[in-house]
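1. Test case, fold it:
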Amino acid sequence: MGATMLSLFLKYTFIVVAVALGLYLGLLGLLTTPSFQAHVVYLHKIQMTWSKNLNVPESFGFLRGQVTPFSIKSPDGQSLFAWHILPVELYRQHEADLVAEPAGFVSDSTSRAAFNLLRNDPDARLVIHMHGAAGTIGSGYRVPNYRALSAGQPSKIHVLTFDYRGFGYSSGSPSERGLCLDATAVVEWAMNVAGIPSSRILIVAQSIGTAVALAVSEHFALQSPSIVFAGTLLIAPFIDVATLVATYSVAGTIPIISPLAKYPRLFSYLRTFIKDRWSSKDRISGYIRAVTAASEKYQLTLIHARDDWDIPYIHTQKLFRHAVDATVSQELTDDEFELATSEHKQNLGAAGSVVDWRTDHGIIREEILETGLHDVVMGNPVVSLATMRLLVAADPSFK
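-> Okay, here's the model as predicted:
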């Protein structure tokens, strides 16, 4: 009887293991296909707006007329859905005019009072927000983030947020090239249509949005003449897609691809199938070098929480290292880097630690928080403070 039970146990164990292995190998096979990769990397089909209408911002908690829903055209003809969000104090000052306007989607955003309040105020600042994977600009945890971005100066800081192609109401399908085109189009709308100079534009991004932000920041810095923004704020960035999948675990506990990283040849082979590589480590270095070569000033802040389950905070530490190395003539050794940065490191106890790397061309700041998770951190005061710090560093008269 005991032998029979053991035999059955081994049999069913073998079946379960075989099925699990088969599903895992099937998943790996699917991950080698570009279409499935896009769904996994961008998660753009997951809306997370619970059937709410993005053309009715009031249903997300905004005041009537506080948000202008409109669209921006990408260079290749895609329609990018966007929100222009007024800061609360500025809204209060012009409430009557804003409430009187028709609600809903606007085909011509330049005809609205909100647009004129942005374009005609020489002291206005514009935060261009680039969100992470999954959801839309109206997904639950993102809406409070916009208030945090303008909290430092609630009469002057406007927010422009948009959905990449394939997300929400935006047309098309996501890709690395496509998202870079989208971000470029949004920035050019801000500069050329709204008339906001790059010195009054702050790029703020989270998660995969940080890869987009670095791509667009480098792109404009490489123009002749170089175009540099007031600053770039990256929250929970990653090194590149290959490194991300090598470190990613579901809920921080269940690894997907990371076990294969222990086999370098196999993992290197699988890396050849990655279509959208999003090499932020190369772009952050390229951005710093481009700004330096143009004799301009960069203001770059990286923020990451130690308890981030989605993207481990070591990604920010390594990106910071790449940025620092781009400021010196010869790459620092590990010991040299540790010694150099330790002189600038400030321990804030339960709030984490900060390192400011200062050069003749600007400041690169690394903030490692003890807590904040991956998404919650975006609405915390640390982001409001970082936003104001960057804007004031770019223009000390802004208060």
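
2. Which parts of the stretch 101-250 of the chain are helices?
-> 113-119, 143-150, 176-188, 208-221, 241-247 (DSSP state H, counting those that start in this stretch).

3. To clarify, my last question referred to the stretch 251-399 of the chain.
-> For the stretch 251-399 of the chain, the helices defined by DSSP H, counting those that start in this stretch occupy 264-271, 280-293, 314-325, 334-342, 381-394.

4. Mind putting the ones you listed into a markdown table with mean neighbour count, distance to Ala151 and mean pLDDT?
-> (Glycine included, C-beta is placed from N, CA and C.) Converted to a markdown table, those look like this (neighbours: other CB atoms under 10 Å; distance: least, CB to CB, whole Å; pLDDT from 0 to 100):
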| stretch | mean neighbour count | distance to Ala151 | mean pLDDT |
| --- | --- | --- | --- |
| helix 264-271 | 13 | 41 | 68 |
| helix 280-293 | 22 | 27 | 98 |
| helix 314-325 | 20 | 23 | 97 |
| helix 334-342 | 12 | 30 | 93 |
| helix 381-394 | 20 | 4 | 97 |
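
5. Low-confidence stretches in the stretch 101-250 of the chain?
-> 248-250 (pLDDT under 70).

6. go again using 80 as the cut-off
-> Scanning the stretch 101-250 of the chain for pLDDT under 80 picks out 140, 246-250.

7. Just the terminal-to-terminal distance for stretch 367-382.
-> Separation of the first and last residues of stretch 367-382 by CA to CA, to the nearest Å is 9 Å.

8. want to throw the helices of the stretch 251-399 of the chain into CSV with distance to Asn120?
-> Listed next are those as CSV, based on distance: least, CB to CB, whole Å:
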stretch, distance to Asn120
helix 264-271, 50
helix 280-293, 30
helix 314-325, 36
helix 334-342, 44
helix 381-394, 19
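
9. Between those helices, which one is closest to Ala351.
-> With distances scored as CB to CB, the stretch of the helices of the stretch 251-399 of the chain nearest to Ala351 is helix 381-394 (8.1 Å).

10. Would you map out the domains in this protein?
-> The record's domain parsing of the chain by automatic domain parsing lists 2-31, 47-237+287-394, 241-277.

11. just so I know, which of the helices of the stretch 251-399 of the chain lies nearest Val228?
-> Nearest of those (CB to CB): helix 280-293, 5.6 Å.

12. elements contacting the closest one?
-> Packing partners of helix 280-293 (3 or more CB pairs under 8 Å, 6 or more residues apart in numbering; DSSP states H and E): helix 208-221, strand 298-305, helix 314-325.

13. could you redo those as a markdown table and give each row distance to Cys180?
-> Below are the helices and strands packed on helix 280-293 laid out as a markdown table (distance: least, CB to CB, whole Å):
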| stretch | distance to Cys180 |
| --- | --- |
| helix 208-221 | 5 |
| strand 298-305 | 19 |
| helix 314-325 | 18 |
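
14. Let me know which of those is the nearest to Ser155.
-> Checking these against Ser155 by CB to CB gives strand 298-305 as the closest, at 22.2 Å.

15. Dump the closest one to CSV, keeping only the CA atoms.
-> Extracted in CSV, the C-alpha atoms of strand 298-305 (Å, rounded to 0.1, in the frame of the first residue of the first chain):
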residue,chain,number,x,y,z
TYR,A,298,21.9,69.8,-17.0
GLN,A,299,19.7,69.2,-14.0
LEU,A,300,19.1,65.4,-13.5
THR,A,301,17.4,63.7,-10.6
LEU,A,302,16.9,60.0,-10.1
ILE,A,303,14.6,58.7,-7.3
HIS,A,304,14.0,55.1,-6.4
ALA,A,305,12.5,53.3,-3.3
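
16. Show me what that strand is packed up against.
-> Using 3+ CB pairs under 8 Å, 6+ apart, strand 298-305 sits against strand 231-235, helix 280-293, helix 314-325, strand 362-369, helix 381-394.
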